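Participant: quick one, structure for this:
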Amino acid sequence: MSQILITGSNGQLGSEFRYIAGNYQNHTFTFTDVEELDITDRKAVHSFFQENSFDFCVNCAGYTAVDQAEDEPEKAFRLNTDAVENLAMVCENNHTRFIHISTDYVFDGTAKHPYKEDDTVSPQSVYGFSKLKGEEAVLMYSSRAVIIRTAWLCSQFGKNFVKTMLRLGAERSELRVVDDQIGSPTFANDLARAILEMIGKTEKPKSTEIYHYSSMGHISWFIFAKEIMKMAGQDCKIIPVKTSEYPTKAKRPAYSVLDKSKIIHEYGIEIPEWKFSLLKLIESLKNA
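Facilitator: Alright, predicted model coming up:
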């Protein structure tokens with residue numbers, strides 16, 4: 001039976017782990033967020049690991065307010081870099097396998113093909129740079145950790161694009177959504193299940209590795225919004241616009257499709273197509 005620590009357990013991904021934990025009787029889960037464990041406090045992290053023993057630590061915590069990070073970079077780096085370093089070091093010292101969640105924002109978004117794990121990184125925002133420095137901390141301190149880059153995270157929990165569109169679609173007759181940013185949604189429930197599948201294969205990896213995970217297929221936010229309205233049966237017109245019409249403090253990647261062939265090949269992970277997972281998510285929100 002594996003002892004698994006989930007940090008950032010009140011976020012989208014952490015909440016999905018809580019939701020599905022009961023289906024995995026061969027694992028024992030410990031869920032923490034800042035109230036139970038402040039991972040930016042190195043002494044607190046070390047004390048927590050002295051008092052508890054874990055086989056795996058999945059770090060779902062992160063500073064994800066992309067635009068706000070431009071105004072408060074210290075907070076972004078504290079949670080996305082310093083806290084990751086704390087966890088990477090303590091996991092290595094306690095023989096705990098570390099799994100860290102990163103982002104497509106480490107890339108500049110100018111590619112013409114899906115990003116592979118070893119493609120050149122070049123973050124264009126404080127958020128992206130803070131996440132990249134977190135990755136570097138894992139690579140520096142961990143001997144057999146896993147870094148999973150993901151994108152466009154959606155869930156039945158927390159705030160995300162799907163829930164925002166459903167709310168606004170019920171309130172308005174039309175919405176303007178950018179059509180020149182291309183990527184792939186990631187449904188947190190799918191990702192949580194994939195991570196637990198990876199945990200079950202304890203012989204892998206042999207060294208610290210980076211993997212990409214998002215749903216199969218790629219779309220613009222405009223196409224995503226149209227499909228959300230269609231599946232939810234909402235009569236709200238979606239109008240395509242350019243990113244330039246909606247300037248933001250932080251630059252968004254124009255292209256952030258991730259190549260998933262490595263995680264599929266090495267772990268045999270079956271990744272659903274985005275429409276399939278979107279339908280499941282909308283159904284779960286209707287039944288909530």
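
Participant: pLDDT score assigned to the residue located most distally from the centre of the chain?
Facilitator: Taking C-alpha atoms, centre = their mean, the residue of the chain most remote from its mean C-alpha position is S173, at 31.2 Å. You'll see S173 listed with a pLDDT of 97.

Participant: check whether it really touches K237, as I assumed.
Facilitator: Yes: assessed by C-beta atoms under 8 Å, S173 is found in contact with K237 at 6.6 Å. No exception for glycine: its C-beta is placed from N, CA and C like everyone else's.

Participant: just give me how far the longest helix along the chain sits from the chain centre.
Facilitator: Using DSSP state H to define each element, the chain has its longest helix at helix 126-141. Centre-to-centre, helix 126-141 and its host chain are 14 Å apart (C-alpha atoms, centre = their mean, to the nearest Å).

Participant: average pLDDT across that helix?
Facilitator: Rounded mean pLDDT across helix 126-141 is 98.

Participant: and the gap between L285 and R167?
Facilitator: L285 sits 10 Å away from R167, going by C-beta to C-beta, to the nearest Å.

Participant: counting neighbours, go ahead and name the busier of those two.
Facilitator: Taking other C-beta atoms under 10 Å, L285 and R167 do not tie; L285 has more neighbours (14 against 11).

Participant: ok, residues contacting the helix or strand where the more buried one lies?
Facilitator: Applying DSSP states H and E as the criterion places L285 in helix 274-286. Outside helix 274-286, the residues that touch it by C-beta atoms under 8 Å, 6 or more residues apart in numbering are 154-156, 162-163, 166, 184-185, 187, 189-190, 215-217, 219, 227-228, 231-232.

Participant: let's see it at 6 Å
Facilitator: Helix 274-286 is touched from outside by 156, 185, 187, 190, 215, 217, 231-232, with contacts defined as C-beta atoms under 6 Å, 6 or more residues apart in numbering.

Participant: could you do stretch 15-27 as well?
Facilitator: 1-2, 4, 6, 29, 31, 155, 157, 188-189, 192, 196.

Participant: can you check stretch 55-67 too?
Facilitator: 2-8, 11, 13-14, 39, 75-76, 79-80, 87, 91, 96-101, 127, 199, 248-250.

Participant: so how far is that stretch off the chain centroid?
Facilitator: On the basis of C-alpha atoms, centre = their mean, stretch 55-67 sits 8 Å off its chain's mean C-alpha point.

Participant: now swap in stretch 14-33 and tell me
Facilitator: 17 Å.

Participant: ok, now stretch 224-240?
Facilitator: 24 Å.

Participant: mean confidence for it?
Facilitator: For stretch 224-240, mean pLDDT rounds to 97.

Participant: then that stretch to PDB, C-alphas only?
Facilitator: Output of stretch 224-240 as PDB, limited to C-alpha atoms (Å, rounded to 0.1, in the frame of the first residue of the first chain):
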ATOM      1  CA  PHE A 224     -13.700  25.300 -27.100                       C
ATOM      2  CA  ALA A 225     -16.400  27.800 -26.000                       C
ATOM      3  CA  LYS A 226     -18.700  26.900 -28.900                       C
ATOM      4  CA  GLU A 227     -18.500  23.200 -28.000                       C
ATOM      5  CA  ILE A 228     -19.200  24.000 -24.300                       C
ATOM      6  CA  MET A 229     -22.400  25.900 -25.300                       C
ATOM      7  CA  LYS A 230     -23.400  23.100 -27.700                       C
ATOM      8  CA  MET A 231     -23.000  20.300 -25.200                       C
ATOM      9  CA  ALA A 232     -24.600  22.300 -22.400                       C
ATOM     10  CA  GLY A 233     -27.600  23.200 -24.600                       C
ATOM     11  CA  GLN A 234     -27.100  27.000 -24.000                       C
ATOM     12  CA  ASP A 235     -28.300  29.400 -26.600                       C
ATOM     13  CA  CYS A 236     -25.400  31.800 -26.400                       C
ATOM     14  CA  LYS A 237     -23.600  33.100 -29.600                       C
ATOM     15  CA  ILE A 238     -19.800  32.900 -29.500                       C
ATOM     16  CA  ILE A 239     -18.000  35.500 -31.500                       C
ATOM     17  CA  PRO A 240     -14.300  35.000 -32.500                       C
END
